[in-house]
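Novice: Build the 3D model from these lines:
(chains A and B)
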Amino acid sequence: NAGVMQNPRHLVRRRGQEARLRCSPMKGHSHVYWYRQLPEEGLKFMVYLQKENIIDESGMPKERFSAEFPKEGPSILRIQQVVRGDSAAYFCASSQNAGQYFGPGTRLTVT
Amino acid sequence: AQKVTQAQTEISVVEKEDVTLDCVYETRDTTYYLFWYKQPPSGELVFLIRRNSFDEQNEISGRYSWNFQKSTSSFNFTITASQVVDSAVYFCALSAAGGFKTIFGAGTRLFVKA
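Specialist: Sure, this is the predicted structure:
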């Protein structure tokens, strides 16, 4: 049973470009969570999604960030017009009942 | 509101020393889960333990042990006979029983010198 998969593992974008981060949850999991870890900080919750629904987006920046979890395919975290402050590690987690399983993260660098 | 506090920003020990990482949490939920994760220099999150709020028994796994005290809202982590490979950032975390978002502490960076 494969774990949570994220791709790409490393992503470099220039300021103003778009970043798309993908997360495939564990098989059978229908809940997906995105977290952001800024350099030298802990993980901060961004958004919680179930299939085709956003359940809690209280941690999402109001602009430029969006997330989806379609009926088919991975969850996508999309950052438009990236800025240097978006450079961080983005972790995805999935769950079905209790306990979240984390992916390896995507490290976004904005140059 | 939920909150996790790891007051120790960095700890430095010499190999074979014992070290305790502190974690204090706040929650209004009666049922919740507590976690510890290790983040080595490679960056991934390594799950160490999950503890249910109804289970206050201490747990030992090899050189690792955890002390959960509900009365003081603490969930401390001890590494016995530390090794260089233990050098990492350790995060304590809390989530409500529904399995929703997890609240992380700021982390404690552990340096183990040979």
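Novice: for chain B, what are the low-confidence residue spans?
Specialist: Along chain B, segments meeting pLDDT under 70 span B:98-99.
Novice: repeat for chain A
Specialist: A:1, A:98-99.
Novice: Could you find the residue nearest the spatial middle of it?
Specialist: In chain A, the centroid-proximal residue (C-alpha atoms, centre = their mean) is residue A:34; its distance is 4.0 Å.
Novice: To which secondary structure element type does it belong?
Specialist: For residue A:34, the assignment made with DSSP: H, G, I helix; E, B strand; the rest coil gives strand.
Novice: Enumerate the residues of chain A near chain B.
Specialist: Taking C-beta under 8 Å from any C-beta of the partner chain as the contact definition, chain A meets chain B at A:31, A:33, A:35, A:41-45, A:48, A:55-56, A:59, A:89, A:91, A:93, A:95, A:97-102, A:104-105, A:107. Backbone N, C-alpha and C define where each C-beta goes, glycine included.
Novice: Quick check on those residues: which are buried?
Specialist: A:31, A:33, A:35, A:42-43, A:45, A:48, A:59, A:89, A:91, A:93, A:95, A:100-102, A:104-105, A:107 (16 or more other C-beta atoms under 10 Å in any protein chain shown).
Novice: if you look at those, which of them are in helices?
Specialist: Nothing among those maps onto helices, per DSSP state H.
Novice: So for stretch B:76-87, first residue to last residue, what's the gap.
Specialist: 17 Å (C-alpha to C-alpha, to the nearest Å).
Novice: near chain A, anything from that stretch?
Specialist: No - on the criterion C-beta under 8 Å from any C-beta, stretch B:76-87 is out of touch with chain A, staying 15.2 Å away.
Novice: That stretch: which residues count as buried?
Specialist: B:76-79, B:82, B:86-87.
Novice: And the contacts of that stretch?
Specialist: With contacts defined as C-beta atoms under 8 Å, 6 or more residues apart in numbering or on different chains, stretch B:76-87 is touched by B:13, B:15-23, B:36, B:40-41, B:48, B:63-67, B:69, B:90, B:92, B:110-114.
Novice: No further questions, thank you.
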